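Visitor: 3D, please:
(one chain, ligands or ions: 1)
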Amino acid sequence: ANDAGLAKNTQIELDSNCISMVADAVGTPFYCYSPEVIAQAYEELSTALSPVGASVCYAVKANGNLSILQLLSRLGCGMDIVSGGEMERALEAGVPASRIIFSGVGKSPREIARALTEGVHQINVESPAEFHLVADIAASLGLRAPVALRVNPDVDAQTHAKISTGKKGDKFGVALGDVAGLFEAAAGRAEIEMVGLAVHIGSQILDLSPYRRAYGVLADLVRDLRTQGHAVPRLDLGGGIGIAYGDQGAPSVAELAAIIAETVGGLGCALTVEPGRWLVGRAGALVTTVLYTKEAGERTLAIVDAGMNDLVRPALYGAVHPLGVVRSARGGEGQSYGVVGPVCESSDIFGVYDDLPQLAAGDLVAFLCAGAYSASMASTYNARDLVPEVFVSNGRFRIVRRRQTTRELMALEKDTVWQDVESG
Ligand code: LLP
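Guide: Numbering: from 1, shown residues only. Alright, predicted model coming up:
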(Lines give C-alpha, C1' and ligand atoms only; values in the text may rest on other atoms or scores of the structure.)
Protein backbone atom coordinates (compact mmCIF):
# COMPACT_ATOMS: atom_id res chain seq x y z
CA ALA A 1 0.00 0.00 0.00
CA ASN A 2 1.15 3.52 -0.79
CA ASP A 3 -0.60 5.91 1.59
CA ALA A 4 1.43 8.92 0.50
CA GLY A 5 -0.09 8.67 -2.97
CA LEU A 6 -3.62 9.14 -1.74
CA ALA A 7 -2.82 11.72 0.88
CA LYS A 8 -1.28 13.95 -1.76
CA ASN A 9 -3.60 16.65 -3.05
CA THR A 10 -6.78 15.40 -1.53
CA GLN A 11 -8.92 15.59 1.51
CA ILE A 12 -10.05 12.01 1.12
CA GLU A 13 -9.13 10.69 4.50
CA LEU A 14 -9.22 7.07 3.52
CA ASP A 15 -6.25 4.83 3.69
CA SER A 16 -5.16 2.90 0.65
CA ASN A 17 -5.54 -0.41 2.41
CA CYS A 18 -9.19 0.26 3.08
CA ILE A 19 -9.92 1.38 -0.50
CA SER A 20 -8.07 -1.60 -1.81
CA MET A 21 -10.32 -3.95 0.16
CA VAL A 22 -13.45 -2.08 -0.91
CA ALA A 23 -12.26 -2.44 -4.51
CA ASP A 24 -11.96 -6.18 -4.03
CA ALA A 25 -15.49 -6.28 -2.63
CA VAL A 26 -17.22 -3.94 -5.09
CA GLY A 27 -15.14 -4.32 -8.26
CA THR A 28 -13.73 -1.40 -10.26
CA PRO A 29 -14.32 1.19 -11.46
CA PHE A 30 -16.31 2.79 -8.65
CA TYR A 31 -16.70 6.19 -7.05
CA CYS A 32 -15.92 6.39 -3.37
CA TYR A 33 -16.95 9.28 -1.16
CA SER A 34 -16.13 10.31 2.36
CA PRO A 35 -19.28 11.50 4.16
CA GLU A 36 -17.04 13.07 6.82
CA VAL A 37 -15.25 15.25 4.26
CA ILE A 38 -18.60 16.43 2.88
CA ALA A 39 -19.92 17.21 6.37
CA GLN A 40 -16.70 19.06 7.26
CA ALA A 41 -16.94 21.16 4.11
CA TYR A 42 -20.54 22.09 4.91
CA GLU A 43 -19.67 23.00 8.50
CA GLU A 44 -16.68 25.06 7.40
CA LEU A 45 -18.76 26.94 4.86
CA SER A 46 -21.73 27.60 7.10
CA THR A 47 -19.45 28.73 9.92
CA ALA A 48 -17.61 31.12 7.59
CA LEU A 49 -20.91 32.52 6.35
CA SER A 50 -22.66 32.84 9.68
CA PRO A 51 -21.37 36.39 10.36
CA VAL A 52 -23.07 37.57 7.14
CA GLY A 53 -26.09 35.39 7.86
CA ALA A 54 -25.99 33.64 4.49
CA SER A 55 -27.70 30.28 4.08
CA VAL A 56 -26.41 27.50 1.84
CA CYS A 57 -28.27 25.80 -1.00
CA TYR A 58 -26.19 22.95 -2.45
CA ALA A 59 -26.10 22.84 -6.26
CA VAL A 60 -27.48 19.34 -6.81
CA LYS A 61 -25.99 19.12 -10.31
CA ALA A 62 -22.53 18.64 -8.81
CA ASN A 63 -23.57 15.28 -7.39
CA GLY A 64 -27.22 14.29 -7.00
CA ASN A 65 -26.69 10.96 -5.25
CA LEU A 66 -29.57 10.55 -2.80
CA SER A 67 -27.31 9.66 0.12
CA ILE A 68 -25.30 12.84 -0.42
CA LEU A 69 -28.47 14.92 -0.59
CA GLN A 70 -29.75 13.26 2.59
CA LEU A 71 -26.47 13.90 4.37
CA LEU A 72 -26.42 17.59 3.46
CA SER A 73 -30.12 18.03 4.12
CA ARG A 74 -29.79 16.60 7.62
CA LEU A 75 -27.08 19.16 8.30
CA GLY A 76 -29.58 21.89 7.43
CA CYS A 77 -28.48 22.58 3.88
CA GLY A 78 -31.01 23.66 1.24
CA MET A 79 -30.79 22.71 -2.44
CA ASP A 80 -30.37 24.55 -5.72
CA ILE A 81 -31.96 22.54 -8.53
CA VAL A 82 -32.04 22.98 -12.30
CA SER A 83 -34.53 20.34 -13.48
CA GLY A 84 -37.59 18.37 -12.56
CA GLY A 85 -35.32 15.37 -12.04
CA GLU A 86 -33.22 17.24 -9.50
CA MET A 87 -36.40 18.39 -7.75
CA GLU A 88 -37.57 14.76 -7.56
CA ARG A 89 -34.22 13.78 -6.06
CA ALA A 90 -34.21 16.58 -3.50
CA LEU A 91 -37.78 15.82 -2.39
CA GLU A 92 -37.04 12.09 -2.25
CA ALA A 93 -34.03 12.83 -0.03
CA GLY A 94 -36.36 14.63 2.37
CA VAL A 95 -35.45 18.23 1.53
CA PRO A 96 -38.47 20.42 2.27
CA ALA A 97 -39.66 22.41 -0.77
CA SER A 98 -39.30 25.51 1.37
CA ARG A 99 -35.52 25.02 1.18
CA ILE A 100 -35.34 24.50 -2.60
CA ILE A 101 -34.35 27.14 -5.15
CA PHE A 102 -35.15 26.40 -8.80
CA SER A 103 -32.49 27.81 -11.17
CA GLY A 104 -31.83 27.17 -14.83
CA VAL A 105 -32.13 28.88 -18.17
CA GLY A 106 -34.65 26.52 -19.80
CA LYS A 107 -37.33 25.42 -17.37
CA SER A 108 -40.23 23.67 -19.08
CA PRO A 109 -43.87 24.59 -18.34
CA ARG A 110 -44.31 21.23 -16.64
CA GLU A 111 -41.28 21.81 -14.40
CA ILE A 112 -42.48 25.29 -13.47
CA ALA A 113 -45.95 24.01 -12.60
CA ARG A 114 -44.53 21.23 -10.45
CA ALA A 115 -42.21 23.62 -8.60
CA LEU A 116 -45.10 25.99 -7.88
CA THR A 117 -47.37 23.19 -6.72
CA GLU A 118 -44.69 21.81 -4.42
CA GLY A 119 -44.17 25.30 -3.04
CA VAL A 120 -40.47 25.85 -3.68
CA HIS A 121 -38.80 28.69 -1.85
CA GLN A 122 -37.79 30.58 -4.99
CA ILE A 123 -37.72 30.39 -8.77
CA ASN A 124 -34.76 32.16 -10.35
CA VAL A 125 -36.09 33.54 -13.61
CA GLU A 126 -33.61 34.07 -16.44
CA SER A 127 -35.52 35.92 -19.17
CA PRO A 128 -38.53 38.20 -19.73
CA ALA A 129 -40.25 35.35 -21.60
CA GLU A 130 -39.78 33.01 -18.64
CA PHE A 131 -41.07 35.71 -16.29
CA HIS A 132 -44.35 35.93 -18.19
CA LEU A 133 -44.66 32.16 -18.48
CA VAL A 134 -44.17 31.71 -14.72
CA ALA A 135 -46.79 34.40 -14.11
CA ASP A 136 -49.28 32.72 -16.47
CA ILE A 137 -48.74 29.28 -14.96
CA ALA A 138 -49.06 30.64 -11.42
CA ALA A 139 -52.27 32.42 -12.39
CA SER A 140 -53.73 29.24 -13.90
CA LEU A 141 -52.90 27.32 -10.73
CA GLY A 142 -54.24 30.04 -8.47
CA LEU A 143 -50.81 30.35 -6.83
CA ARG A 144 -48.32 33.12 -6.19
CA ALA A 145 -44.80 32.52 -7.57
CA PRO A 146 -41.82 33.64 -5.47
CA VAL A 147 -39.51 34.95 -8.20
CA ALA A 148 -35.96 36.23 -8.13
CA LEU A 149 -34.40 37.64 -11.28
CA ARG A 150 -31.08 36.11 -12.21
CA VAL A 151 -29.14 38.98 -13.67
CA ASN A 152 -26.21 38.81 -16.03
CA PRO A 153 -23.77 41.21 -14.37
CA ASP A 154 -21.42 41.23 -17.39
CA VAL A 155 -18.43 40.12 -15.33
CA ASP A 156 -15.65 37.86 -16.57
CA ALA A 157 -15.21 35.05 -14.04
CA GLN A 158 -11.74 34.29 -15.45
CA THR A 159 -12.38 30.58 -15.54
CA HIS A 160 -12.64 27.99 -18.32
CA ALA A 161 -14.81 29.32 -21.18
CA LYS A 162 -17.13 26.31 -20.94
CA ILE A 163 -18.00 27.10 -17.32
CA SER A 164 -18.17 30.90 -17.47
CA THR A 165 -21.71 32.20 -17.21
CA GLY A 166 -21.77 35.86 -16.22
CA LYS A 167 -20.55 37.70 -19.33
CA LYS A 168 -22.81 39.72 -21.59
CA GLY A 169 -23.68 37.40 -24.46
CA ASP A 170 -23.62 34.27 -22.27
CA LYS A 171 -26.96 32.47 -22.36
CA PHE A 172 -27.57 32.99 -18.65
CA GLY A 173 -29.48 35.67 -16.80
CA VAL A 174 -31.51 38.77 -17.54
CA ALA A 175 -29.64 41.72 -19.08
CA LEU A 176 -29.04 44.50 -16.55
CA GLY A 177 -31.13 46.88 -18.64
CA ASP A 178 -34.22 44.64 -18.37
CA VAL A 179 -34.26 44.32 -14.59
CA ALA A 180 -36.12 47.49 -13.61
CA GLY A 181 -38.78 46.88 -16.26
CA LEU A 182 -39.45 43.39 -14.94
CA PHE A 183 -39.77 44.65 -11.36
CA GLU A 184 -42.25 47.16 -12.74
CA ALA A 185 -44.13 44.41 -14.59
CA ALA A 186 -44.21 42.29 -11.43
CA ALA A 187 -45.87 45.10 -9.54
CA GLY A 188 -48.76 44.73 -11.97
CA ARG A 189 -49.06 40.95 -11.71
CA ALA A 190 -50.58 39.72 -8.47
CA GLU A 191 -49.44 36.14 -9.13
CA ILE A 192 -45.76 37.18 -8.96
CA GLU A 193 -44.08 37.88 -5.67
CA MET A 194 -40.79 39.50 -6.63
CA VAL A 195 -38.44 38.36 -3.87
CA GLY A 196 -35.09 39.60 -5.14
CA LEU A 197 -32.09 39.10 -7.37
CA ALA A 198 -29.73 36.23 -8.16
CA VAL A 199 -26.34 36.03 -9.79
CA HIS A 200 -23.98 33.21 -10.75
CA ILE A 201 -20.89 34.09 -12.75
CA GLY A 202 -19.24 30.74 -13.36
CA SER A 203 -17.61 27.73 -11.81
CA GLN A 204 -14.17 26.68 -10.51
CA ILE A 205 -13.38 30.32 -9.73
CA LEU A 206 -9.96 30.58 -8.10
CA ASP A 207 -9.45 34.36 -8.10
CA LEU A 208 -12.27 35.91 -6.09
CA SER A 209 -12.10 39.43 -7.55
CA PRO A 210 -14.87 38.76 -10.12
CA TYR A 211 -17.18 38.08 -7.15
CA ARG A 212 -16.40 41.52 -5.78
CA ARG A 213 -17.38 43.07 -9.11
CA ALA A 214 -20.53 40.96 -9.56
CA TYR A 215 -21.76 41.56 -6.01
CA GLY A 216 -20.98 45.25 -6.46
CA VAL A 217 -23.26 45.27 -9.51
CA LEU A 218 -25.97 43.56 -7.43
CA ALA A 219 -25.63 46.09 -4.61
CA ASP A 220 -26.01 48.99 -7.05
CA LEU A 221 -29.08 47.34 -8.54
CA VAL A 222 -30.65 46.85 -5.12
CA ARG A 223 -30.15 50.53 -4.29
CA ASP A 224 -31.57 51.64 -7.64
CA LEU A 225 -34.59 49.35 -7.38
CA ARG A 226 -35.31 50.54 -3.86
CA THR A 227 -35.10 54.14 -4.99
CA GLN A 228 -37.74 53.28 -7.55
CA GLY A 229 -39.93 51.96 -4.77
CA HIS A 230 -39.36 48.22 -5.15
CA ALA A 231 -38.67 45.86 -2.27
CA VAL A 232 -35.63 43.59 -2.71
CA PRO A 233 -35.72 41.28 0.30
CA ARG A 234 -33.41 38.47 -0.95
CA LEU A 235 -30.12 38.04 -2.78
CA ASP A 236 -28.92 34.71 -4.17
CA LEU A 237 -25.17 34.99 -4.63
CA GLY A 238 -24.65 31.83 -6.71
CA GLY A 239 -21.92 29.25 -6.46
CA GLY A 240 -18.67 28.78 -8.28
CA ILE A 241 -15.99 28.88 -5.61
CA GLY A 242 -13.11 26.74 -6.83
CA ILE A 243 -11.10 23.96 -5.22
CA ALA A 244 -7.49 22.87 -5.71
CA TYR A 245 -7.10 20.02 -8.18
CA GLY A 246 -3.48 19.37 -7.42
CA ASP A 247 -0.95 21.86 -6.20
CA GLN A 248 -2.50 25.18 -7.20
CA GLY A 249 -3.82 27.33 -4.39
CA ALA A 250 -7.53 27.75 -3.81
CA PRO A 251 -9.46 30.57 -2.17
CA SER A 252 -10.86 30.16 1.32
CA VAL A 253 -14.52 30.54 2.11
CA ALA A 254 -13.54 33.12 4.74
CA GLU A 255 -12.27 35.36 1.90
CA LEU A 256 -15.56 34.90 0.08
CA ALA A 257 -17.48 35.73 3.27
CA ALA A 258 -15.43 38.93 3.63
CA ILE A 259 -16.29 39.98 0.06
CA ILE A 260 -19.96 39.27 0.73
CA ALA A 261 -19.87 41.36 3.91
CA GLU A 262 -18.19 44.25 2.11
CA THR A 263 -20.40 44.35 -0.96
CA VAL A 264 -23.91 43.23 -0.03
CA GLY A 265 -23.65 42.69 3.73
CA GLY A 266 -25.19 46.01 4.72
CA LEU A 267 -28.29 45.91 2.51
CA GLY A 268 -30.52 44.02 4.92
CA CYS A 269 -31.24 41.30 2.36
CA ALA A 270 -31.57 37.60 3.22
CA LEU A 271 -28.51 36.05 1.57
CA THR A 272 -27.99 32.60 0.04
CA VAL A 273 -25.04 30.95 -1.71
CA GLU A 274 -25.30 27.93 -4.01
CA PRO A 275 -22.01 26.07 -4.17
CA GLY A 276 -21.73 22.58 -5.59
CA ARG A 277 -18.11 21.69 -6.22
CA TRP A 278 -16.81 23.23 -3.00
CA LEU A 279 -19.04 21.02 -0.85
CA VAL A 280 -18.44 17.65 -2.50
CA GLY A 281 -15.56 17.91 -4.99
CA ARG A 282 -12.74 17.01 -2.65
CA ALA A 283 -14.72 14.23 -0.99
CA GLY A 284 -14.71 11.79 -3.89
CA ALA A 285 -12.35 9.57 -5.88
CA LEU A 286 -12.82 7.34 -8.89
CA VAL A 287 -11.04 4.06 -8.19
CA THR A 288 -9.87 2.16 -11.23
CA THR A 289 -7.72 -0.85 -12.13
CA VAL A 290 -4.78 -0.83 -14.51
CA LEU A 291 -5.66 -3.27 -17.31
CA TYR A 292 -2.55 -3.02 -19.49
CA THR A 293 0.57 -1.01 -20.01
CA LYS A 294 1.98 -0.46 -23.44
CA GLU A 295 4.48 1.62 -25.35
CA ALA A 296 3.10 4.26 -27.74
CA GLY A 297 5.92 6.14 -29.43
CA GLU A 298 7.95 7.91 -26.77
CA ARG A 299 5.33 7.37 -24.12
CA THR A 300 4.28 4.56 -21.86
CA LEU A 301 0.54 4.25 -21.48
CA ALA A 302 -1.41 2.79 -18.62
CA ILE A 303 -4.82 1.67 -19.81
CA VAL A 304 -7.30 1.69 -16.93
CA ASP A 305 -10.82 0.31 -16.65
CA ALA A 306 -12.44 3.74 -16.10
CA GLY A 307 -13.14 5.84 -19.18
CA MET A 308 -14.30 9.25 -20.27
CA ASN A 309 -17.88 8.03 -19.93
CA ASP A 310 -17.26 7.63 -16.18
CA LEU A 311 -15.28 10.88 -15.75
CA VAL A 312 -15.61 13.30 -18.66
CA ARG A 313 -13.98 16.42 -17.17
CA PRO A 314 -10.50 15.78 -18.65
CA ALA A 315 -11.91 15.22 -22.16
CA LEU A 316 -14.43 18.06 -21.93
CA TYR A 317 -12.50 20.79 -20.14
CA GLY A 318 -8.91 19.60 -20.20
CA ALA A 319 -9.24 19.18 -16.43
CA VAL A 320 -6.54 17.22 -14.64
CA HIS A 321 -7.56 15.17 -11.63
CA PRO A 322 -4.66 14.24 -9.37
CA LEU A 323 -3.91 10.54 -9.45
CA GLY A 324 -3.40 8.59 -6.25
CA VAL A 325 -1.86 5.14 -6.19
CA VAL A 326 -3.93 2.76 -4.12
CA ARG A 327 -2.03 -0.47 -4.75
CA SER A 328 1.04 -1.09 -6.86
CA ALA A 329 2.65 -4.52 -7.05
CA ARG A 330 6.06 -3.37 -8.28
CA GLY A 331 6.52 -0.08 -6.45
CA GLY A 332 9.31 2.30 -7.36
CA GLU A 333 8.85 5.95 -8.27
CA GLY A 334 9.52 8.63 -10.86
CA GLN A 335 7.78 6.81 -13.71
CA SER A 336 5.74 8.73 -16.26
CA TYR A 337 2.55 7.36 -17.78
CA GLY A 338 -0.13 8.60 -20.08
CA VAL A 339 -3.24 7.30 -18.33
CA VAL A 340 -6.03 6.43 -20.77
CA GLY A 341 -9.39 4.72 -20.67
CA PRO A 342 -10.90 1.95 -22.79
CA VAL A 343 -13.44 4.10 -24.68
CA CYS A 344 -13.08 4.23 -28.46
CA GLU A 345 -12.30 7.93 -28.67
CA SER A 346 -8.93 9.62 -28.93
CA SER A 347 -10.06 12.07 -26.25
CA ASP A 348 -10.38 9.30 -23.66
CA ILE A 349 -7.18 10.47 -22.00
CA PHE A 350 -7.00 11.43 -18.33
CA GLY A 351 -3.57 13.01 -18.56
CA VAL A 352 0.13 12.41 -18.29
CA TYR A 353 1.26 11.69 -14.78
CA ASP A 354 4.90 11.75 -13.71
CA ASP A 355 6.14 10.48 -10.42
CA LEU A 356 4.21 7.23 -10.44
CA PRO A 357 5.52 3.86 -9.36
CA GLN A 358 6.02 1.26 -12.03
CA LEU A 359 2.50 0.22 -12.98
CA ALA A 360 1.35 -3.25 -13.93
CA ALA A 361 -1.93 -4.94 -14.72
CA GLY A 362 -3.99 -5.32 -11.56
CA ASP A 363 -2.64 -2.21 -9.85
CA LEU A 364 -5.22 0.15 -8.40
CA VAL A 365 -5.15 3.92 -8.89
CA ALA A 366 -7.69 6.64 -8.08
CA PHE A 367 -8.57 9.93 -9.72
CA LEU A 368 -8.89 12.30 -6.80
CA CYS A 369 -11.11 15.35 -6.28
CA ALA A 370 -13.81 13.49 -8.19
CA GLY A 371 -16.81 14.16 -5.95
CA ALA A 372 -18.28 16.93 -8.13
CA TYR A 373 -19.34 16.84 -11.80
CA SER A 374 -17.93 13.36 -12.07
CA ALA A 375 -20.52 10.66 -11.36
CA SER A 376 -23.21 13.25 -12.17
CA MET A 377 -21.82 13.73 -15.70
CA ALA A 378 -21.28 10.05 -16.45
CA SER A 379 -22.86 8.40 -19.48
CA THR A 380 -23.26 4.89 -20.77
CA TYR A 381 -21.36 5.53 -24.02
CA ASN A 382 -19.83 2.36 -25.47
CA ALA A 383 -22.56 0.50 -23.54
CA ARG A 384 -20.60 0.88 -20.36
CA ASP A 385 -22.85 0.64 -17.31
CA LEU A 386 -22.83 3.48 -14.77
CA VAL A 387 -20.44 2.51 -12.00
CA PRO A 388 -21.28 2.08 -8.31
CA GLU A 389 -20.93 4.86 -5.78
CA VAL A 390 -19.74 3.92 -2.31
CA PHE A 391 -19.50 5.74 1.01
CA VAL A 392 -16.39 4.76 2.96
CA SER A 393 -16.15 5.73 6.60
CA ASN A 394 -14.17 4.43 9.58
CA GLY A 395 -13.32 1.07 8.10
CA ARG A 396 -16.86 0.46 6.79
CA PHE A 397 -18.42 0.92 3.38
CA ARG A 398 -21.94 1.41 2.07
CA ILE A 399 -22.88 1.10 -1.58
CA VAL A 400 -25.02 4.21 -2.15
CA ARG A 401 -25.61 3.43 -5.80
CA ARG A 402 -25.40 -0.11 -7.00
CA ARG A 403 -23.81 -1.02 -10.31
CA GLN A 404 -26.17 -0.63 -13.24
CA THR A 405 -26.53 -3.65 -15.48
CA THR A 406 -26.70 -3.76 -19.25
CA ARG A 407 -29.84 -5.87 -18.84
CA GLU A 408 -31.57 -3.02 -17.01
CA LEU A 409 -30.65 -0.63 -19.79
CA MET A 410 -31.66 -3.00 -22.55
CA ALA A 411 -35.05 -3.56 -20.90
CA LEU A 412 -35.96 0.00 -21.88
CA GLU A 413 -35.54 -0.98 -25.51
CA LYS A 414 -37.45 -4.25 -25.49
CA ASP A 415 -41.03 -5.12 -26.42
CA THR A 416 -41.32 -2.10 -28.69
CA VAL A 417 -44.38 -1.81 -30.95
CA TRP A 418 -45.34 0.29 -33.97
CA GLN A 419 -48.26 2.62 -33.28
CA ASP A 420 -50.48 4.62 -35.61
CA VAL A 421 -49.81 8.34 -35.55
CA GLU A 422 -53.15 9.85 -34.55
CA SER A 423 -54.02 12.99 -36.43
CA GLY A 424 -55.63 15.97 -34.69
N1 LLP B 1 -25.66 27.91 -9.28
C2 LLP B 1 -25.86 27.91 -10.62
C3 LLP B 1 -26.95 28.72 -11.18
C4 LLP B 1 -25.03 27.15 -11.46
O5 LLP B 1 -25.23 27.16 -12.78
C6 LLP B 1 -23.99 26.37 -10.90
C7 LLP B 1 -23.11 25.56 -11.74
C8 LLP B 1 -23.83 26.39 -9.49
C9 LLP B 1 -24.68 27.18 -8.72
C10 LLP B 1 -22.77 25.60 -8.79
O11 LLP B 1 -21.49 25.92 -9.21
P12 LLP B 1 -20.22 25.33 -8.42
O13 LLP B 1 -20.26 25.91 -7.05
O14 LLP B 1 -20.34 23.86 -8.39
O15 LLP B 1 -19.07 25.79 -9.22
N16 LLP B 1 -19.46 20.65 -15.22
C17 LLP B 1 -18.52 21.73 -14.90
C18 LLP B 1 -19.14 22.72 -13.94
C19 LLP B 1 -20.45 23.32 -14.45
C20 LLP B 1 -21.11 24.23 -13.45
C21 LLP B 1 -22.47 24.65 -13.91
N22 LLP B 1 -23.18 25.52 -13.00
C23 LLP B 1 -17.24 21.12 -14.37
O24 LLP B 1 -17.14 19.90 -14.32
O25 LLP B 1 -16.32 21.84 -14.03
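Visitor: For Lys414, see how far away the residue nearest to Glu389 when sequence neighbours are not counted is.
Guide: Leaving aside its sequence neighbours, Glu389 sits nearest to Arg401 (CB to CB, 6 or more residues apart in numbering; 4.0 Å). No exception for glycine: its C-beta is placed from N, CA and C like everyone else's. Remark: distance between Arg401 and Lys414 (CB to CB, to the nearest Å) = 23 Å.
Visitor: Let me know the secondary structure of the closest residue to the ligand within the stretch 101-250 of the chain.
Guide: In the stretch 101-250 of the chain, the residue that lies nearest the ligand is Gly239 (2.8 Å; CB to the nearest ligand atom). Assigned with DSSP: H, G, I helix; E, B strand; the rest coil, Gly239 falls in the coil class.
Visitor: Do I have it right that it meets Leu279?
Guide: No. Using CB atoms under 8 Å, Gly239 makes no contact with Leu279, being 9.1 Å away.
Visitor: Comparing these two, which residue is more hemmed in?
Guide: The neighbour comparison of Gly239 against Leu279 (other CB atoms under 10 Å) goes to Leu279, with 29 against 25.
Visitor: Show me the domain layout of the protein.
Guide: 3-33+281-411, 35-279 (automatic domain parsing).
Visitor: As a markdown table, those with mean pLDDT would be great.
Guide: What follows is those, written out as a markdown table (pLDDT from 0 to 100):
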| stretch | mean pLDDT |
| --- | --- |
| domain 3-33+281-411 | 92 |
| domain 35-279 | 96 |
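Visitor: I'd like to know if the longest strand anywhere in the chain reaches the ligand anywhere along the stretch.
Guide: As assigned by DSSP state E, the longest strand anywhere in the chain is strand 284-296. No. Counting by CB under 6 Å from any ligand atom, no contacts exist between strand 284-296 and the ligand, the nearest distance being 12.4 Å.
Visitor: partners of that strand, with directions?
Guide: strand 30-33 (antiparallel), strand 299-304 (antiparallel), strand 364-367 (antiparallel) (DSSP bridges).
Visitor: of all the ones you listed, which lies closest to Val421?
Guide: Ranking the strands paired with strand 284-296 by proximity to Val421 (CB to CB) places strand 30-33 first, at 42.5 Å.
Visitor: surely Tyr42 meets Leu75?
Guide: Yes. With contacts defined as CB under 8 Å, Tyr42 counts as touching Leu75 at a distance of 5.1 Å.
Visitor: Between these two, which is the more surrounded one?
Guide: When neighbours are counted by other CB under 10 Å, Tyr42 and Leu75 differ, and Tyr42 comes out ahead with 21 against 14.
Visitor: Now the more buried one, what are its backbone angles?
Guide: In terms of degrees, to the nearest 10, the main-chain angles of Tyr42 are phi -60, psi -40.
Visitor: Likewise for the one 3 residues further on?
Guide: According to degrees, to the nearest 10, the main-chain angles of Leu45 amount to phi -70, psi -50.
Visitor: What's the local residue count around it?
Guide: Residue crowding around Leu45 was assessed by other CB under 10 Å; the count is 23.
Visitor: what's the answer for Glu333, then?
Guide: By the criterion of other CB under 10 Å, Glu333 has 14 neighbours.
Visitor: Okay, strands next: where are they in the stretch 201-350 of the chain?
Guide: 234-236, 270-273, 284-296, 299-304, 323-327, 335-340, 349-356 (DSSP state E, counting those that start in this stretch).
Visitor: For my notes, please list those strands in JSON lines and give mean neighbour count for each entry.
Guide: Shown next, in JSON lines, are the strands of the stretch 201-350 of the chain (neighbours: other CB atoms under 10 Å):
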{"stretch": "strand 234-236", "mean neighbour count": "25"}
{"stretch": "strand 270-273", "mean neighbour count": "21"}
{"stretch": "strand 284-296", "mean neighbour count": "20"}
{"stretch": "strand 299-304", "mean neighbour count": "20"}
{"stretch": "strand 323-327", "mean neighbour count": "25"}
{"stretch": "strand 335-340", "mean neighbour count": "19"}
{"stretch": "strand 349-356", "mean neighbour count": "17"}
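Visitor: Out of the ones you listed, which gets nearest to Thr405?
Guide: Among those, if distance is taken as CB to CB, the winner is strand 284-296, at 19.3 Å.
Visitor: Next up, phi/psi of the closest residue to Met377 other than its chain neighbours, please.
Guide: Counting by CB to CB, 6+ apart, Met377 lies nearest to Val312, which is 5.1 Å off, once chain neighbours are set aside. In terms of degrees, to the nearest 10, the main-chain angles of Val312 are phi -100, psi -10.
Visitor: got the contact list for Val312?
Guide: Val312 makes contacts with Met377, Ala378, Ser379, as judged by CB atoms under 8 Å, 6 or more residues apart in numbering.
Visitor: What about the first one, how many residues nearby?
Guide: Here the count is done by other CB under 10 Å, and Met377 has 16 residues near it.
Visitor: wait, what's in contact with it?
Guide: Contacts of Met377 (CB under 8 Å, 6+ apart): Leu311, Val312, Arg313, Leu316.
Visitor: Quick check: phi and psi at it.
Guide: phi -110, psi 10.
Visitor: what's in contact with stretch 252-272?
Guide: 44-45, 48-49, 51-57, 78, 101, 196, 208, 211-212, 215-216, 218-219, 222-223, 232-237, 241, 273, 278.
Visitor: Apply the buried test to those residues and list what passes.
Guide: The neighbour-count test (16 or more other CB atoms under 10 Å) marks 45, 48-49, 52, 54-57, 78, 101, 196, 208, 211-212, 215-216, 218-219, 222, 232, 234-237, 241, 273, 278 as buried among those.
Visitor: picking up where we left off before, any idea of the angle the longest strand of the chain forms with strand 335-340?
Guide: If you take axes from the mean of the first three to the mean of the last three CA atoms, to 10 degrees, strand 284-296 sits at 110 degrees to strand 335-340.
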